[in-house]
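Colleague: what shape does this take:
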Amino acid sequence: MAIVLLLRHGHSTANAEGVLAGWTEGVGLTDTGRGQAERTRERLAPLDVVRAVTSPLQRCRETVALALPDLEAGTDERLGECHYGDWTGRRLSEAAKDPLWRVIQDDPASATFPESPEHRAESLGQMAERVVGGVRALDAEVEAAHGKHAVWVAVSHGDPIKAVVAEAVGAGVAGLQRVRVDPGSVTAVLVTESRMVLLASNTHAGDLAPLVAVPKAHAAGDSTVGGGAG
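Modeller: Numbers count the residues shown, from 1 in each chain. Okay, here's the model as predicted:
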């Protein structure tokens, strides 16, 4: 029942160019992205973050180094970006004209990216299974080491974090495109034995402490009937 703060990497050079970076090497943060990561550091400072795990990609490693400079982050490929295959490096303006774009938007559970000699491809379903399973496994490690109320940070990418949010609200991969996750945003999810619970999504400012509070009147995996009491 630990709480994971899902931090999307800051604005990157690929974001600035409108390119689908995927697992392309050498994609780092822009000045805007570095500023986002530094603001996240201020938001995280009051919390006792016990562990940080990041996607191995450069833009995520740069983000966690700025956001949590005093905590050595481990890397885990399960938090990595979706493998976009032949779409890797493609301009989003061009991708939007491809018939697969509509499948991704309207039926993401059936969307598989085309193979490429240079880049691995996977479906959005495979990506979601990888990331959600990885977050569950890492969360269990954190809970075993630090207790049920521990807070940890996972630094990842837009589509992987969207997959976790979609899982938390019970929408699954089918609901992937109903979620928005901007660069530099923080999303809070409580992981319990029975389910994930979304505490906050796509936040950019404000105190994070209320987002990681665990309910005391009922099981942490349950939601208060009638809504929370504030």
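Colleague: burial check on residue 11, number of neighbours?
Modeller: 22 (other CB atoms under 10 Å). Bear in mind the C-beta positions are built from the backbone N, C-alpha and C, glycine included.
Colleague: can we start the residue count at 30 from this point?
Modeller: Sounds good: first residue 30 from here, last item residue 40.
Colleague: near residue 35, how many other residues are there?
Modeller: 25.
Colleague: in terms of secondary structure, what does the helix or strand hosting it contact?
Modeller: Assigned by DSSP states H and E, residue 35 falls within strand 32-37. Contacts defined by 3 or more CB pairs under 8 Å, 6 or more residues apart in numbering; DSSP states H and E place strand 32-37 against helix 87-96, helix 153-175, strand 180-185, helix 187-197, strand 215-220.
Colleague: give me the contact list for the first one.
Modeller: By CB atoms under 8 Å, 6 or more residues apart in numbering, the surrounding residues in contact with helix 87-96 are 36, 38-39, 41, 43, 50, 54-58, 62-63, 65-67, 69-70, 73, 81, 83-84, 102, 104, 108, 182, 184-186, 213.
Colleague: export that helix as CSV, just CAs?
Modeller: Provided in CSV are the C-alpha atoms of helix 87-96 (Å, rounded to 0.1, in the frame of the first residue of the first chain):
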residue,chain,number,x,y,z
GLN,A,87,18.3,10.4,-20.9
ARG,A,88,15.4,12.8,-20.5
CYS,A,89,14.1,10.9,-17.4
ARG,A,90,17.6,10.6,-15.9
GLU,A,91,18.2,14.3,-16.3
THR,A,92,14.8,15.0,-14.7
VAL,A,93,15.3,12.9,-11.6
ALA,A,94,18.8,14.3,-11.1
LEU,A,95,17.3,17.8,-10.8
ALA,A,96,14.1,16.8,-9.0
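Colleague: tell me what angle it forms with strand 32-37.
Modeller: 120 degrees (axes from the mean of the first three to the mean of the last three CA atoms, to 10 degrees).
Colleague: next SSE downstream of helix 87-96?
Modeller: strand 103-104.
Colleague: hang on, the earlier thing: please name whichever of the helices and strands packed on strand 32-37 is nearest to residue 127.
Modeller: Closest approach to residue 127 among these (CB to CB): helix 153-175, 14.8 Å.
Colleague: list the buried residues for that closest one?
Modeller: 153-154, 156-161, 163-165, 167-168, 171-172 (16 or more other CB atoms under 10 Å).
Colleague: now stretch 115-133
Modeller: Neighbour-count burial for stretch 115-133 [16+ other CB under 10 Å]: 116, 117, 118, 119, 124, 133.
Colleague: CA atoms only for it - export them in CSV, please.
Modeller: Extracted C-alpha coordinates of stretch 115-133, given in CSV (Å, rounded to 0.1, in the frame of the first residue of the first chain):
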residue,chain,number,x,y,z
ASP,A,115,8.8,2.5,-37.3
TRP,A,116,7.1,5.5,-35.8
THR,A,117,10.2,6.3,-33.8
GLY,A,118,11.5,9.7,-34.8
ARG,A,119,8.4,10.5,-36.8
ARG,A,120,6.9,14.0,-36.7
LEU,A,121,3.6,13.9,-34.9
SER,A,122,2.1,16.1,-37.6
GLU,A,123,2.8,13.4,-40.1
ALA,A,124,1.8,10.5,-37.8
ALA,A,125,-1.7,12.2,-37.4
LYS,A,126,-2.3,11.5,-41.1
ASP,A,127,-1.6,7.7,-40.8
PRO,A,128,-4.7,5.4,-40.4
LEU,A,129,-3.1,3.9,-37.3
TRP,A,130,-3.5,7.3,-35.6
ARG,A,131,-7.3,6.9,-35.5
VAL,A,132,-6.9,3.4,-34.1
ILE,A,133,-4.7,4.7,-31.3
